[in-house]
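Participant: Provided below for reference: sequence and predicted model.
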Amino acid sequence: QLHLVESGGGLVQPGGSLTLSCAASTVTLDTYAIAWFRQAPGKHREGVSCINTRQTATYYLDSLQGRFTISRVRANKTVNLQMNSLKPEDTAIYYCAARSYICSNRTTNYNSWGQGTQVTVSS
C-alpha cells in the first residue's frame with residue numbers, strides 16, 4: 001500500500017478554481033492508476049476522475065462537463081486535479097486513491113487511499 005497525501009483543498013466562490021494534488025511520500029506514481037473520488041455529506045463516494053499509468057487514458061465523471069482536468073506532474077511524483085468553474089454541488093471531501101496500472105470506478109478496487117481534502121464552494 002502507498003501512503004498518499006492530498007493537498008490543495010479549501011474554500012472557493014462559485015465559478016472559482018482549485019488544484020488538488022496527490023503525492024506518495026516515498027515512491028513515484030508511474031506504475032499506478034490514480035483516481036480522485038469525492039464524498040459529500042450524506043452521499044456515497046463517487047469517482048470523479050482517473051488517469052492510467054503512462055497517461056494512456058483519462059476518465060471523468062460525465063456530469064463534470066469538462067470542468068476538471070487530471071494530469072501527472074513532477075516526474076510522476078504527483079497527480080493533480082485542476083478544477084475550474086466550481087459549483088456548490090462540487091462541495092465534498094476529495095480523496096485520491098491508487099491501484100496497479102488500470103483505472104476502475106469501484107472504490108473496492110483501490111487499496112491505497114489518502115486522508116482526503118475538503119473542498120467547499122460557497123459565496
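Facilitator: That came through fine.
Participant: Can I take it that T26 is in a helix?
Facilitator: No - under the criterion used here (DSSP: H, G, I helix; E, B strand; the rest coil), T26 is coil, not part of a helix.
Participant: Not counting its neighbours along the chain, what's nearest D30?
Facilitator: Nearest-residue entry for D30: N76, 4.0 Å, with adjacent residues in sequence omitted and distances by CB to CB, 6 or more residues apart in numbering. Bear in mind the C-beta positions are built from the backbone N, C-alpha and C, glycine included.
Participant: Next, give phi and psi for that neighbour.
Facilitator: phi 70, psi 20 (degrees, to the nearest 10).
Participant: Now do the contacts for it.
Facilitator: 28-30 (CB atoms under 8 Å, 6 or more residues apart in numbering).
Participant: Buried members of those residues into PyMOL, please.
Facilitator: Buried subset of the contacts of N76, written as a PyMOL selection, criterion 16 or more other CB atoms under 10 Å:
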select buried, resi 29
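Participant: Helix or strand: which one has A97?
Facilitator: strand 92-100 (DSSP states H and E).
Participant: ok, and what's touching whichever helix or strand comes after that strand?
Facilitator: Using DSSP H and E, the helix or strand that follows strand 92-100 towards the C-terminus is strand 112-113. The contact list for strand 112-113, computed with CB under 8 Å, 6+ apart, reads 1-4, 32, 95-99.
Participant: of all the residues you listed, which comes closest to L20?
Facilitator: C96 (7.7 Å; CB to CB).
Participant: ok, now which ones touch the spatially most central residue of the chain?
Facilitator: Nearest to the mean C-alpha position of the chain, by CA atoms, centre = their mean, lies W36 at 2.5 Å. Going by CB under 8 Å, 6+ apart, W36 touches 20, 22, 47-50, 70, 81, 94-97.
Participant: picking up where we left off before, and the residue nearest to D30, how far from R54?
Facilitator: Noted for N76: a distance of 9 Å to R54, by CB to CB, to the nearest Å.
Participant: next one: R106
Facilitator: 22 Å.
Participant: same check, this time on V5
Facilitator: 22 Å.
Participant: No further queries at this time; thank you.
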